[in-house]
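Peer 1: task: produce atomic coordinates for the following.
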Amino acid sequence: MSEVKRILVAGGGVGGLVAAIAFAQRGVHVRLIERRENFDIPGVGLGQPANALRVYDALGILEEVIDHGFIYDHMTIFDAQRQLISEHKFILGDERIPAVCALPRSDLHRILLKAATRAGVEISLGLSIVGYDESTNDSITVALSDGSSDTVDLVAGFDGIRSTTRLHLVGTMFVPRHCGFGAWRIQVERPDDVTGMEFLQGIGGKAGAMPIAKDKMYLFNIRPEPAGAFYERKDMARLWKERLAQFGGYVAEISASLNENSDIVYGGLEPLLVPWPWHRGRVVIGGDAAHVVPPHLTQGAAMAAEDGFILAREVTRKDGTLEDRLMRYSQIRYARNAFVYAFARNWLEEEQGVHTPDQMEEARRELALNASNRIAVSDRILNTPIL
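Peer 2: Next up, the predicted model:
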């Protein structure tokens, strides 16, 4: 048996911070490194479904997350003019855990960072791993970008979609690739009648909204975009207005208000699922380093949080070798992440396959008949407690 007493976590996003907190709360000495010089994490908002909230509950921060967020229990699907097609009430949560609590990404990050500090996590900014020395069996030494080194029992790479830890494990065998679509987002004032997640199915794209505070939501638009697309800040408002032209209701009102100063965020969608095992020797990955999914189930950050918590739980168990425990982590997490990946990817491709008015009418009929029952399948699987 190989006890893990000291761990290096690479990456200060949701998954990395959850892993760091969970390990530290179990008595492991944790050093977390983040390649950025500060924790000014980009992003707009994050929906945190019940399965993520259970992780935060286990870490002792659920109340703080709820205090900063907006709780909702349903999803509504409309057409481009916000005419109702289907409504679904989530089968998520329980008497203690809400179905979904969405909040600004920056708020969730601050909550996790404070919890990591309270747990005694050692945090180093502006650092990344540049080399690995695995010449001994009972530890691993990493070379860091500032010229220093650190010797630990385990390296956990939660270093995002461009993960260098993943590159160390699998090379270029599994890498994120643009799938032909991109996502536009902006944080705006929340209309009173937006009380849950909304999708507006259009022709050649989808818009929608997620409330993230009592007075805030974010508007999103998922649509075809070329690989490698980069849009200058000065052009983004004009380009997005063109893309939102078919949508009515609050989408049209927000579109009309966009200007060069609007804080618009754009990113291409690059799905990825690395097959298990997610480790080799004393290096393991999780979060976006191991899987990147389309945003349709709002499970990206939730899966990363589960990864971090389950990794700490399995590694600190007393049974079996470290290899056994890391393999068990990979097997547990791969199956659940593979489901989310397949479900969200299929949803993305179906909605983006609507190109004509006739196809829109066909989609309207199909969504009215099946959407709620289909989402319920996901609810039942993801609401199964794993902690």
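Peer 1: which stretches of the stretch 251-387 of the chain form helices?
Peer 2: Along the stretch 251-387 of the chain, counting by DSSP state H, counting those that start in this stretch, helices occupy 300-315, 322-351, 357-382.
Peer 1: out of those helices, which one sits most buried?
Peer 2: Ranked by mean neighbour count, the helices of the stretch 251-387 of the chain are led by helix 300-315 with a mean of 26 (mean count of other Cβ atoms under 10 Å). Quick note: C-beta positions are derived from backbone N, CA and C, even for glycine.
Peer 1: helices or strands next to it in the packing?
Peer 2: helix 14-25, strand 45-49, helix 50-59, helix 322-351 (3 or more Cβ pairs under 8 Å, 6 or more residues apart in numbering; DSSP states H and E).
Peer 1: quick one: which of the helices of the stretch 251-387 of the chain is nearest residue 194?
Peer 2: When the helices of the stretch 251-387 of the chain are compared by Cβ to Cβ, helix 357-382 sits nearest residue 194, at 18.4 Å.
Peer 1: quick one: distance of the closest one to the chain centre.
Peer 2: Remark: helix 357-382 is offset 23 Å from the chain centroid, using Cα atoms, centre = their mean, to the nearest Å.
Peer 1: avg pLDDT for it?
Peer 2: Averaged across helix 357-382, the pLDDT comes to 98.
Peer 1: just stretch 86-105 next, same as before
Peer 2: Across stretch 86-105, pLDDT averages out at 96.
Peer 1: what do you get for stretch 234-249?
Peer 2: For stretch 234-249, the mean pLDDT works out to 97.
Peer 1: cool, and stretch 133-150?
Peer 2: In this model, stretch 133-150 has a mean pLDDT of 95.
Peer 1: ok, the spatially closest residue to residue 5 that is not a sequence neighbour - how many residues close by?
Peer 2: Counting by Cβ to Cβ, 6 or more residues apart in numbering, residue 153 is the residue found nearest to residue 5 once chain neighbours are left out, at 5.8 Å. Residues within reach of residue 153, counting by other Cβ atoms under 10 Å, total 19.
Peer 1: would you list the helices and strands packed on helix 300-315 in TSV and tack on distance to residue 238 and mean pLDDT?
Peer 2: Below are those laid out as TSV (distance: least, Cβ to Cβ, whole Å; pLDDT from 0 to 100):
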stretch	distance to residue 238	mean pLDDT
helix 14-25	33	98
strand 45-49	24	94
helix 50-59	36	98
helix 322-351	25	97
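Peer 1: returning to that earlier point: next, format the helices of the stretch 251-387 of the chain as JSON lines and append distance to residue 219.
Peer 2: Below are these laid out as JSON lines (distance: least, Cβ to Cβ, whole Å):
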{"stretch": "helix 300-315", "distance to residue 219": "18"}
{"stretch": "helix 322-351", "distance to residue 219": "17"}
{"stretch": "helix 357-382", "distance to residue 219": "21"}
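Peer 1: that older thread, pLDDT value on the residue nearest to residue 5, please?
Peer 2: Value for residue 153, per-residue pLDDT: 98.
Peer 1: one more: the one 4 residues further on?
Peer 2: According to the per-residue confidence, residue 157 scores 98 in pLDDT.
Peer 1: pretty sure it sits against residue 288.
Peer 2: No - Residue 157 lies out of contact with residue 288 (Cβ atoms under 8 Å); the separation is 10.1 Å.
Peer 1: okay, and the common contacts of the two?
Peer 2: Each of residue 163 lies in contact with both residue 157 and residue 288 under the rule Cβ atoms under 8 Å, 6 or more residues apart in numbering.
Peer 1: now the closest residue to residue 28 other than its chain neighbours, what's its secondary structure?
Peer 2: The spatial neighbour of residue 28 that comes closest, neighbours along the chain excluded (Cβ to Cβ, 6+ apart), is residue 7 at 5.6 Å. Counting by DSSP: H, G, I helix; E, B strand; the rest coil, the backbone at residue 7 sits in strand.
Peer 1: how about the contacts made by residue 138?
Peer 2: Contact partners of residue 138, counting by Cβ under 8 Å, 6+ apart, are 2, 153.
Peer 1: so it lies in a helix, does it not?
Peer 2: No - per three-state DSSP, residue 138 lies outside any helix segment and is coil.
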